[in-house]
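*Asks:* Okay, structure incoming, though there's no sequence with it:
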Ligand SMILES: Nc1ncnc2c1ncn2[C@@H]1O[C@H](COP(=O)(O)OP(=O)(O)OP(=O)(O)O)[C@@H](O)[C@H]1O
Ligand SMILES: Nc1ncnc2c1ncn2[C@@H]1O[C@H](COP(=O)(O)OP(=O)(O)OP(=O)(O)O)[C@@H](O)[C@H]1O
Ligand SMILES: [Mg+2]
Ligand SMILES: [Mg+2]
């Protein structure tokens, strides 16, 4: 039974992705495009050369973190739709520190990254607190917090960080994650050291959840609050901690954008979608740190590769969104695939 | 004061109507135990269909077009929602993932087809709905001018549907069964109620209402369809569902509250005593107000017990 | 031979186990037929098959001689089969009436539910069978006993001819049990037939005509109740001799461990339910609290263990004040608690047995060192306890959810006893368990006493109270109304004391 | 990584044959140009579209077809800019436009890294010998539509709806207010920003509120948010055809958006001829005199800015002539149109 589960846990996503691509191919055929060309363009767009690989990794980096942000909250039974806003405030804070202070890199960079995490954590704290103390549903608060983050950050960019400009100056190089060396390797892609931070964050989450008493408590609270209370855990505290850590992850994602990809923050006329994609990433990754990394990579590859499909094969990018959506459906429906597999195995015997 | 109301109320009404409709969809779906964050996508579908239909038939069908258009949008929305139903009811998919996929799929399909059919990223403008006076009612002194003069009939369609939804959920056998499925599917099952059937109906209903919401939004506010026609309204509707504690009238109240807050934040800038305030505060006011309302007045809201839990026979 | 129901060679598998391995059971018209077996023997499964919730891999079901396929509860209902489930199938926020009519709602022409009509139909039924219910009350506000009567009404409302009761008495107070027996008899008079699952052999002897025994999924056979006895039934079920009277040496009470003074507690609905209660438990004695459900026992325990705030009064443990301390503080100061509701409080069902074993100690050495868990230690301890308390589970890594209630309970007891607390509170420790498990648990409680621990036992089962306690405190209306020794009292006397000054409130005010 | 070398060749080649044939039509050139849109495709009915039209026009003049000779890459998010630019560089386009100020940094980097490719940035400044900045004097156009509005309004109350409050949009705001006040200093202009270029409902709410406070002309520089403005205006017009309700469009002639029955609420539009600029620059590059390092500012005199007069009955002759007058004043330097809020202050005091 359990060994089966482990096996399935590996096989099923693969099958799902395959089925998704298959469906995508059919759609391409139906709408008169050549799937082979389409997918080879997708491949080129994602892995074609050093540059695209660099960009793919770059695009994956924040998705890992927002994925973790959603997954972590889910582990303690909370639904964090607020990653979007947490990303923005994290981005803002990181850039702010990157601009405001002068310090050697060993201090400046960690400080800026930390600032991002803290800001995100703060943004997670509010819904966490309201949930823990008043039982207000976190979904709705996090949605509201998203908008508040968006407008406040725009205002701060305009009237605090700049004199009414569209974007801030570039952050001090002592706070930058960008790496000449990596960029050199990848024909000036925007790949930056952030991906190490993202991987590290994933390890942290795995460790917290699987190996520490903190994770033990968080999961217990997620599964059964009564039993948690009975066993002497502080349910409210755990809910808040969970949201704060989740927010912290999302804040880091923002810091990646601010300190790595862009090196600044610009007025946003809408959301980044990093947070919303994070929901899909988390759940595709079965809310487990390792799974999240893989799911984020899948997203990064598909989205990065998508760029090549219009120029490379004349396939509109919207079609790629459709394909991604289908893949998600198939992964989500893994139950039926598992069922089919079991069926199949029974026949086999 | 009266004329302040007179300037706010109509705005509230047109802003809230799409949210009310979509939120009602959310209520049906979640009351039956199927989480639906696909509302955004369902609205996109509705907006797309509503606009395309109107564009195609405006000349031939004349002023009836938008009405027919929203009905068609509702139907297509229902059909589109069956994807969510199949995934999350039949395949026991994780309902949140399925919802996310719905959102992506709707946008992809909508924009893709727009490009295929019109060769551009957004459609042309349509006339859509116009404000009218509600017959008889607008003659009522005081109330009349404020509530029934120069309003979109669709706003009242939304409000009436909310009342109907309440009646269905709380007065009819179907409603009782639907809620029982969302609270304790196994109990419903042992009483010979088909959990699957009920959940399908509920999710499809959410598609119908989401389609209505989206098309009403497009035909009363935006007048065309593009990738940025629906941006976050679906999530606001979801917020309204929870704000309203999964109750049709509650959801309506919440949607109206959002509309009121929004419109205040805009009218605010022309209210003398608010003039000094920096715009950012007015911008975030609606969202802060909502949080305060929830923290202060509304408080704890408990979702239907089985919400989000796939029902698999014979497992506890 | 007119059998209303025949289940022949039924086989039902679950991933990993064969829950039913060609079992036969034949129900005569108008009889009460007991179905007896250990926890996890396969009783509920068999009945769920009959009710159409599970599909058997093999076997045949006949109703009045007709072979039928029961693929879902609808068909069962149509065939006149009704089931009162072990875990009630009631929608908590709904009213009694709504729950009963759910699925067969009387309608007005306008499509609206005809509540009036429904309520009077229900009234008729409940008068006819003496099933007292309040049609307009919400399920979450009524006593377990009434909830069960609602379940029965549900089946009758659907015109059931055959009623299945899955462990109906496990959750009832003695008074409610006697009422239930009456109800069953009147049902039989009305020509119904009944299958009764219970672990209480006395009940079988009292009401049943025949008894089918299953062991580990296999049918052992069917016996006529009038020519068998409790011991035979027990050994048939367990497969070995079972001793009933728990032999124990007289207690040597030492100094006071728990002392409760003038305690006042409000219940969830903010009404006083413990009123100026005084109680003492000494080291080396088992104090049994006898009382009808709903007289404040639950609130008393929750107050002692820190799960609810007490309004006033003092709770002292070893002369340390633990009034309104957090559950953790209370646990650390030496209190063990076997909770009444094992699924809600006792276990995190999705955690493994191992993880559940350290539910209160995970943060202490050796299970964790500065917040890092030590799984090796945790699972070592788990295996050790599984061994020592013979918890039947595939492994320490199995989720608690997959264990039988009996074994879930053993896991909890293992955990609480192993911490060797100075005060062990056991609330309904044997509810829903088979005689084997009960015998085992009683032995454990007495062992603890003999180790010089103080034990506080709350139970609605008078014979359990009488067997196990050294001192019985009778609780009525939030107070301890009298304190007696088991040897100088009996069920009748206790019953009267528990009913207070004769004001019989049959537990309907939970 | 990628062949800067053959780029180099290309550049030379086309310089040669450019001197050979003087951009004579129908004969194909092997000079190639492409553009990267900002968010939203080449069909955004706005300057992505306008730019694309310019590029197409150039290509078709030279007998080229999309995909060989000229092409575009669509961006759906800021993070797409770099991959898109790089893709086009790798496909050896000789001239690559970035449409919109959002691409500033990315075009700058690209220009520095590929000095053998020409770059053009629309709406902001880049600094590199192989890159040209193309900006527009939106304030001039806004000034003129401000004039038109001032002459049209009966209430002396005007409205301005901006997308995101930013220097670029402030340019429109300043020019508009200046224009209106130069005609009639008593005119008041209510300025609102939706903080979004895609929030129609907010646009509609703002418009509703403005018209409700008897503002009768609204100038919007807010992309999709403007949909809501037009929607509200059309609805009011539909209810009271005789009431004066006007919208002034932006970027391109938004006449179509204004149609309602046999009326049209679009008074005029501040048209930004990105197509002209793009076509012009491409041509010059093809002819070998790419204005590398320069900062071209397309204004009235370069025909980079225009005022739509599609709505004849609205744009009466005296309005048009007045607009022309002011246009002259701007061209011959009598009027210096403010392009920031500070300049506007100064300008108003000078009035
Ligand atoms: N849904 C299920 N999935 C997997 N295994 C199950 C399921 N239901 C029951 N089982 C297993 O089947 C066996 C029989 O279960 P069953 O419910 O019939 O026991 P029981 O006789 O009712 O026990 P109890 O007296 O505690 O009620 C047990 O080992 C149980 O673990
Ligand atoms: N999904 C499941 N997987 C594995 N075992 C299960 C599952 N559902 C129920 N069981 C087991 O089936 C057996 C019968 O379940 P049942 O409902 O009779 O509970 P129980 O064992 O009687 O415990 P209790 O009486 O305390 O509820 C129990 O062992 C229960 O744990
Ligand atoms: Mg059972
Ligand atoms: Mg049991």
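*Replies:* Received it, and whenever you're ready, just let me know what you need. Note that the structure is predicted; figures quoted are calculated from it, not measured. Numbers count the residues shown, from 1 in each chain, chains lettered A, B, ... in the order given. Ligands and ions are numbered 1, 2, ... in the order given.
*Asks:* any idea of the mean pLDDT in stretch D:103-114?
*Replies:* Averaging pLDDT along stretch D:103-114 yields 89.
*Asks:* can you list the residues that contact that stretch?
*Replies:* A:170, A:188, A:262, A:264, D:4, D:7, D:36, D:38, D:81-82, D:85-86, D:89, D:96, D:98, D:117, D:119-121, D:124-128, D:130-131 (CB atoms under 8 Å, 6 or more residues apart in numbering or on different chains). Heads up, the C-betas are built off the backbone N, CA and C, glycines and all.
*Asks:* repeat for stretch A:183-191
*Replies:* With CB under 8 Å, 6+ apart, stretch A:183-191 has contacts from A:49-55, A:57-58, A:178-179, A:182, A:260-261, D:1-2, D:82, D:86, D:109, D:113.
*Asks:* Any quick PyMOL command for the buried ones out of these?
*Replies:* Of the contacts of stretch A:183-191, the buried ones can be selected in PyMOL as follows, counting by 16 or more other CB atoms under 10 Å in any protein chain shown:
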select buried, (chain A and resi 50+51+52+53+54+55+57+58+178+182+260+261) or (chain D and resi 1+2+82+86+109+113)
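*Asks:* Okay, and which of the contacts of stretch A:183-191 map to strands?
*Replies:* In strands, defined here by DSSP state E, there are no members of these.
*Asks:* Restricted to helices, list the contacts of stretch A:183-191.
*Replies:* Taking DSSP state H as the definition of helices, these contribute A:50-55, A:57-58, A:182, D:82, D:86, D:109, D:113.
*Asks:* Neighbours of residue A:253, how many?
*Replies:* Neighbour count of residue A:253, defined by other CB atoms under 10 Å in any protein chain shown: 35.
*Asks:* which sections of chain A are below the confidence cut-off?
*Replies:* Within chain A, the segments meeting pLDDT under 70 span A:1-9, A:345-349.
*Asks:* Would you pull up the residue in it closest to ligand 4?
*Replies:* residue A:227 (19.2 Å; CB to the ion).
*Asks:* That residue: what's it in contact with?
*Replies:* A:220, C:344, C:345, C:346, C:347, C:348, C:359.
*Asks:* wait, doesn't the second one sit right on residue A:226?
*Replies:* Yes: the pair residue C:344 and residue A:226 passes the contact test of CB atoms under 8 Å, sitting 4.9 Å apart.
*Asks:* Tell me what residue C:317 is bridged to.
*Replies:* Note on residue C:317: beta-bridge partners by DSSP bridges are residue C:258, residue C:320.
*Asks:* My guess is residue B:66 contacts residue B:223. True?
*Replies:* No: Residue B:66 lies out of contact with residue B:223 (CB under 8 Å); the separation is 10.7 Å.
*Asks:* Give me the common contacts of these two.
*Replies:* The contact sets of residue B:66 and residue B:223 overlap at B:126, B:127, B:128 (CB under 8 Å, 6+ apart).
*Asks:* For those, which single residue is the most surrounded?
*Replies:* Most neighbours among those, by other CB under 10 Å: residue B:128, with 27 neighbours.
*Asks:* how near is the closest residue to that residue other than its chain neighbours to residue B:24?
*Replies:* Spatial nearest neighbour of residue B:128, chain neighbours left out: residue B:219 (3.6 Å); criterion: CB to CB, 6 or more residues apart in numbering or on different chains. Distance of residue B:219 to residue B:24, given as CB to CB, to the nearest Å: 18 Å.
*Asks:* more crowded one of the two?
*Replies:* Shown here are residue B:219 and residue B:24; by other CB under 10 Å, residue B:24 has more neighbours (33 against 29).
*Asks:* secondary structure class for that one?
*Replies:* With DSSP: H, G, I helix; E, B strand; the rest coil as the basis, residue B:24 sits in helix.
*Asks:* contacting residues for it?
*Replies:* Residue B:24 makes contact with B:161, B:162, B:165, B:209, B:248, B:251, B:252, according to CB under 8 Å, 6+ apart.
*Asks:* State the mean pLDDT of stretch C:220-240.
*Replies:* Across stretch C:220-240, pLDDT averages out at 90.
*Asks:* which parts of chain A sit against chain C?
*Replies:* Residues of chain A lying close to chain C (CB under 8 Å from any CB of the partner chain) are A:1-2, A:211-214, A:216, A:219-220, A:223-224, A:226-234.
*Asks:* Also near ligand 3: which of the residues you listed, exactly?
*Replies:* When these are checked against ligand 3 using CB under 5 Å from the ion, none falls in range.
*Asks:* Looking at the ones in helices among the contacts of stretch A:183-191, spot the one nearest ligand 2.
*Replies:* residue A:57 (42.0 Å; CB to the nearest ligand atom).
*Asks:* The closest one: what's it in contact with?
*Replies:* Contacts for residue A:57 were tallied using CB under 8 Å, 6+ apart; they are A:191, A:195, A:300.
*Asks:* Let's have those residues in CSV, adding secondary structure.
*Replies:* Listed next are the contacts of residue A:57 as CSV, based on three-state DSSP:
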residue, secondary structure
A:191, coil
A:195, helix
A:300, helix
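*Asks:* before we move on, the earlier item: can you pull the pLDDT of the residue nearest to residue B:128?
*Replies:* Predicted confidence (pLDDT) for residue B:219: 96.
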